[in-house]
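Chemist: what follows is a protein structure lacking sequence information:
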């Protein structure tokens, strides 16, 4: 049987994949072009490990892919369970014939029965990498379009390296743009923290580092808030962030973090747009923090720059200079006393001091 893939068109499209590096919104259109060139119905970009609905997909397959996630097929996708090891082993493309012994076995799988409701049956996935992360360009064909022949798979496999180059560059450019955004906010004294789709911190500017302390901390790349109501509101936002599709607006009300004896901190959520919206970077939101003591933030920044202190070390130094004991500082920062002592030893080494009195005198001269 002759190939139904237009090799020349595929090569032409591959040269345009770089457009999506600067404008990730180009992915659906480029994917639709690949579908047209390969006589396929729909396509979607999927992560190999934790698949999420906020990924680029063609408009022609949106209803099916939405149903795929809504019905939790992504949690037990037999194509991923059997296909990912083959891609990791070096194959550039995997199709139904590679993961099922027969069409009869294939059609017994619940996912294929579900796909039949949308007139879809045949599947192939082109493996590629974004850095070290494996992704798949998942392509669907209708019953009438037929299974992917070996010659067609070979033609589609030629896109694998180009997709890897594009995804890796897209991640690097997106990270650079994201850092540019948060650093620009720092210039106007706005504390900013960037989160990925899972709520993990992927970028933080110096103003935010200076603002963090006992009331808002980062533990294991996660933001932890001492105010329980604020933490509950923030958790609700993270749940939405994990499940929202790429086209949904976040629409999150400001989160107010109340603090004992201090003004509240207000956390506002902004969406991530432009090149920073790269699906491979996963950046989804920027948190803007306001209401903290800006004078204190400036002093913390000064201490960090002057002595190369970490954010925790700078805060301990400032608290000690303000007359608090190390025990009080540890309690305020919600850390163990021994941890605070370890930080203090590092502070002494970096500031070339040996006792708290010397450290306090040094800080006093810098104010």
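Modeler: Structure received. Note that the structure is a prediction, hence the values are computed from the model and not measured.
Chemist: in the helix ranked longest in the chain, what counts as buried?
Modeler: When the chain is scanned for its longest helix (criterion: DSSP state H), the result is helix 159-187. Taking 16 or more other C-beta atoms under 10 Å as the neighbour-count basis, helix 159-187 is seen to contain the buried residues 159-160, 162-175, 177-179, 181-182, 185-186. Where C-beta positions appear, they are placed from N, C-alpha and C, glycine not excepted.
Chemist: what's the span of stretch 259-278, first residue to last?
Modeler: 36 Å (C-alpha to C-alpha, to the nearest Å).
Chemist: where are the low-confidence patches of the stretch 101-250 of the chain?
Modeler: 244-250 (pLDDT under 70).
Chemist: how about a cut-off of 90?
Modeler: Filtered on pLDDT under 90, the stretch 101-250 of the chain yields the residue ranges 131-132, 183-191, 197-198, 206-215, 217, 220, 239-250.
Chemist: in it, which spans are helices?
Modeler: 103-108, 110-116, 150-157, 159-187, 206-211, 228-243 (DSSP state H, counting those that start in this stretch).
Chemist: those helices into TSV, with extra columns for distance to residue 334?
Modeler: Written out in TSV, the entries for the helices of the stretch 101-250 of the chain read as follows (distance: least, C-beta to C-beta, whole Å):
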stretch	distance to residue 334
helix 103-108	54
helix 110-116	46
helix 150-157	52
helix 159-187	25
helix 206-211	16
helix 228-243	13
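Chemist: nearest to residue 273, out of those helices?
Modeler: Comparing those by their distance to residue 273 (C-beta to C-beta), the top pick is helix 159-187, with 9.4 Å.
Chemist: give me the distance from the closest one to the chain's centre.
Modeler: Distance of helix 159-187 from the chain centroid (C-alpha atoms, centre = their mean, to the nearest Å) equals 12 Å.
Chemist: ok, now stretch 40-47?
Modeler: A distance of 20 Å separates the centroid of the chain from that of stretch 40-47, by C-alpha atoms, centre = their mean.
Chemist: what lies in contact with it?
Modeler: For stretch 40-47, the external contacting residues (C-beta atoms under 8 Å, 6 or more residues apart in numbering) are 27, 31-32, 34-35, 55-58, 60-61, 64-65, 74, 80, 119-120, 125, 133-142, 145, 279.
Chemist: show me what the mean pLDDT comes to for it.
Modeler: Per-residue confidence for stretch 40-47 averages out to 96 on the pLDDT scale.
Chemist: next, the buried residues of it.
Modeler: Going by 16+ other C-beta under 10 Å, stretch 40-47 has these buried residues: 40-47.
Chemist: so can I have JSON lines of those showing distance to residue 243?
Modeler: JSON lines is the format used below for those (distance: C-beta to C-beta, whole Å):
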{"residue": "40", "distance to residue 243": "28"}
{"residue": "41", "distance to residue 243": "26"}
{"residue": "42", "distance to residue 243": "22"}
{"residue": "43", "distance to residue 243": "22"}
{"residue": "44", "distance to residue 243": "17"}
{"residue": "45", "distance to residue 243": "18"}
{"residue": "46", "distance to residue 243": "16"}
{"residue": "47", "distance to residue 243": "15"}
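Chemist: ok, of these, which one's closest to residue 348?
Modeler: Each of those was scored against residue 348 by C-beta to C-beta, and residue 47 proved nearest at 45.6 Å.
Chemist: what pairs with that closest one across the strands?
Modeler: Beta-bridge pairing of residue 47, defined through DSSP bridges, involves residue 135.
Chemist: distance of it from residue 135?
Modeler: 6 Å (C-beta to C-beta, to the nearest Å).
Chemist: now do residue 103
Modeler: 27 Å.
Chemist: and the two? which has more neighbours close in?
Modeler: residue 135 (23 against 14; other C-beta atoms under 10 Å).
Chemist: contacts only, for that one.
Modeler: Contact analysis of residue 135 by C-beta under 8 Å, 6+ apart lists 45-48, 127-129, 163, 167, 280.
Chemist: adding distance to residue 209 as columns, could you present these in a markdown table?
Modeler: Written out in a markdown table, the entries for those read as follows (distance: C-beta to C-beta, whole Å):
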| residue | distance to residue 209 |
| --- | --- |
| 45 | 33 |
| 46 | 35 |
| 47 | 30 |
| 48 | 33 |
| 127 | 38 |
| 128 | 35 |
| 129 | 31 |
| 163 | 36 |
| 167 | 30 |
| 280 | 26 |
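Chemist: quick check: of the residues you listed, which lies closest to residue 201?
Modeler: Of all these, the one sitting nearest residue 201 is residue 280; the distance, using C-beta to C-beta, is 17.7 Å.
Chemist: find the nearest non-adjacent residue to the closest one, please.
Modeler: Counting by C-beta to C-beta, 6 or more residues apart in numbering, the nearest residue to residue 280 once its immediate chain neighbours are dropped is residue 130, at 3.6 Å.
Chemist: same thing with residue 351?
Modeler: With C-beta to C-beta, 6+ apart, the residue lying closest to residue 351 is residue 307, at 5.1 Å.
Chemist: neighbours around that neighbour, how many?
Modeler: Neighbours of residue 307 under the rule other C-beta under 10 Å: 19.
Chemist: any idea how far residue 352 is from it?
Modeler: For residue 307, the distance to residue 352 equals 9 Å [C-beta to C-beta].
Chemist: that'll do, ta.
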